[in-house]
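Peer 1: Show me how the following folds:
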Amino acid sequence: MNYDVLIIGSGPGGYVAAIRASQLGMKTAVIEKAELGGICLNWGCIPTKALLKSAQVFEYTKHAADYGISISGNVEPDFTAVIKRSRDVAAGMSKGIQFLFGKNKVETIAGFGKLINNQTVEVSAADGSTSQYTAKHIILATGARSRQLPNLPQDGKKIIGYREALSLPKLPKSMVVVGSGAIGTEFAYFYSAMGTDVTLVEFLPNVVPLEDEEVSKTLEREFKKRKIKVMTSSSVESVDTSADICKVNIKTKKGEEVVEAEIVLSAVGITPNLENIGIEELGIEMDKGKVKVDEFYRTNLAGVYAIGDIVAGSALAHVASAEGITCVEKIAGLNPHPIRYDNIPGCTYTVPEVSSVGMTEKQAKDAGYEIKIGKFPYTASGKASAAGAKEGFIKLIFDAKYGELLGAHMIGGNVTEMIGEIVVARNLETTGHELIKSIHPHPTMSEAIMEAAAAAYGEVIHI
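Peer 2: Below you'll find the model as predicted:
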């Protein structure tokens, strides 16, 4: 065998799995056809956060007077420089993966990997040459790409996906964003903050439809304050791109409406990258378009595993990383705990930010729980007031009988940094009163978690 572990794909699932496998003493290599780090580091998580930070800084300058700062003259965004900074940040992170691979003795094989059998991968290089590599264990971590809809055929110019949205040559005057999940709302916020006239279209009744309804309604209200046109319970039927301006035909509850825009951004989900990697030829079992695996990511083909966006579950970078670690620790003979998929945090990096974990209020009620709800508004937070970011709240949901923390739903400044506390608390089976008695520092936005827990039990002080 050439390797103990061979991984196809170097995204947050593949590269993390590779490093952990090497740490555990296994000879490891990663096959990657493009940049190390996959979509997340190069065309997703990291560069979008760089763009969003630029938008936030620009908004600070527009509201500098609110903080007692005088800025003379107009402050305008240099869109080309904003995009360049984002690309530079992504490139730096990709180089960081190269450093980590070198440090951990992980080999890199450039090219497109295809399974030949359960111990062999054929790699096609950019020059057309092919090579074969063998391994005792092969992990598929090929990730996903922007989903294509028949009525939204992406041409990369007028109808685009998230990848093109990260590197447009100039700031569009107008844009229709189709889909209001994390990708859609983040780009809607970014381009609106930069000065683009944005229309956000969502098929379901609420934006960020997987979130608690109160959070969804609050984000929609904040978006409308920012002059983002939000169209829920609506669908794009067709797009006419024959002229310079796209004519977007949108079906709403009140009838059809045509919205004109320079750019249409399709953000309606992702599609697993499973084509031409040997899945069908080798009879690897599938389930609803994804690879079927057990709790340790073993497929039905001995020695072949799958993690990340190509298996069932949340298509999130941190989930893929956790799956990769669990997978290789099991391969190495350790005894890892299966991942708790009911305790996966989700984050949306708009302004205000959104984060959540566990059950929504509706899900808890539908599951038959008698619940206690504690809610603390940012308007009562001293730190939020000092920061000039009073929009939002922390909402905690407890089982009334045993005090179990069933879920947390947050919208406001810094909440994507705060949700980790709840994940740990739920892992430790923390109760409401344990949260109340855990002294949080003042003034911080995180003390709103303690206050929300107190609100659930009628002990809140500051509201």
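
Peer 1: low-scoring stretches of this protein, by residue?
Peer 2: Across the chain, the ranges flagged by pLDDT under 70 are 1.

Peer 1: By residue count, tell me the biggest strand in it.
Peer 2: In the chain, with assignment by DSSP state E, the single longest strand is strand 130-140.

Peer 1: Run through who's touching it.
Peer 2: 1-9, 14, 17, 29, 31, 109, 111, 115-116, 118-125, 277, 291, 297, 299, 303-307, 310, 324, 327-328, 331 (CB atoms under 8 Å, 6 or more residues apart in numbering). Heads up, the C-betas are built off the backbone N, CA and C, glycines and all.

Peer 1: From these, which land in helices?
Peer 2: When DSSP state H is applied, those are split such that Gly14, Ala17, Gly324, Cys327, Val328, Ile331 fall in helices.

Peer 1: Report the spatially nearest residue to the last one, omitting neighbours in sequence.
Peer 2: If you skip the residues right next to it in sequence, Ile331 has His137 as its closest partner in space, 5.2 Å away by CB to CB, 6 or more residues apart in numbering.

Peer 1: swap in Val121?
Peer 2: Of all residues not flanking Val121 in the chain, Gly113 sits nearest, at 4.9 Å (CB to CB, 6+ apart).

Peer 1: coming back round to it: buried members of the contacts of strand 130-140 into PyMOL, please.
Peer 2: Selecting the buried subset of those in PyMOL, with 16 or more other CB atoms under 10 Å as the burial test, is done by:
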select buried, resi 2+3+4+5+6+7+8+9+14+17+29+31+109+111+115+118+119+120+121+122+123+277+291+297+299+304+305+306+307+310+324+327+328+331
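
Peer 1: Let me see the contact set for the residue nearest the centre of the chain.
Peer 2: Closest residue to the average C-alpha location of the chain: Leu316 at 5.2 Å, with CA atoms, centre = their mean. Applying CB under 8 Å, 6+ apart to Leu316 gives the contacts Ile344, Gly346.

Peer 1: now do Pro352
Peer 2: Thr218, Leu219, Glu222, Ala389, Glu391, Gly392, Ile411, Gly412, Gly413, Val415.

Peer 1: gap between it and Leu168?
Peer 2: 25 Å (CB to CB, to the nearest Å).

Peer 1: What of Glu295?
Peer 2: Distance from Glu295 to Leu168, by CB to CB: 42 Å.

Peer 1: Which of the two has more residues huddled nearby?
Peer 2: It is Leu168, of Glu295 and Leu168, that has more neighbours when counted by other CB atoms under 10 Å, with 19 against 12.

Peer 1: The more buried one is in contact with Val82, isn't it?
Peer 2: No - taking CB atoms under 8 Å as the definition, Leu168 is not a contact partner of Val82, at 10.4 Å.

Peer 1: chain center to the helix or strand in which Gly184 is found: distance?
Peer 2: Remark: Gly184 resides in helix 182-194, with elements defined by DSSP states H and E. Distance of helix 182-194 from its chain centroid, counting by CA atoms, centre = their mean, to the nearest Å, is 14 Å.

Peer 1: try stretch 290-297
Peer 2: Its chain's average C-alpha position is 21 Å from that of stretch 290-297, according to CA atoms, centre = their mean.

Peer 1: and the lengthiest helix in the chain, what does it pack onto?
Peer 2: Ordering each helix of the chain by length in residues (DSSP H) puts helix 79-103 first. For helix 79-103, the packing partners by 3 or more CB pairs under 8 Å, 6 or more residues apart in numbering; DSSP states H and E come out as helix 14-23, helix 38-43, helix 45-62, strand 107-110.

Peer 1: which one of those lies closest to Thr444?
Peer 2: helix 45-62 (19.3 Å; CB to CB).

Peer 1: Remind me what the closest one packs against, helices and strands.
Peer 2: Applying 3+ CB pairs under 8 Å, 6+ apart, one finds that helix 45-62 makes contact with helix 79-103, helix 182-194.

Peer 1: Deepest-packed of those helices, please.
Peer 2: helix 182-194 (a mean of 24; mean count of other CB atoms under 10 Å).

Peer 1: who's in contact with that one?
Peer 2: For helix 182-194, contacts defined as CB under 8 Å, 6+ apart pick out 48, 51-52, 55-56, 58-59, 77, 79, 82, 162, 165, 171-172, 175, 177-178, 180, 198, 200, 202, 207-208, 219, 223, 226-228, 265, 267-268, 346-351.
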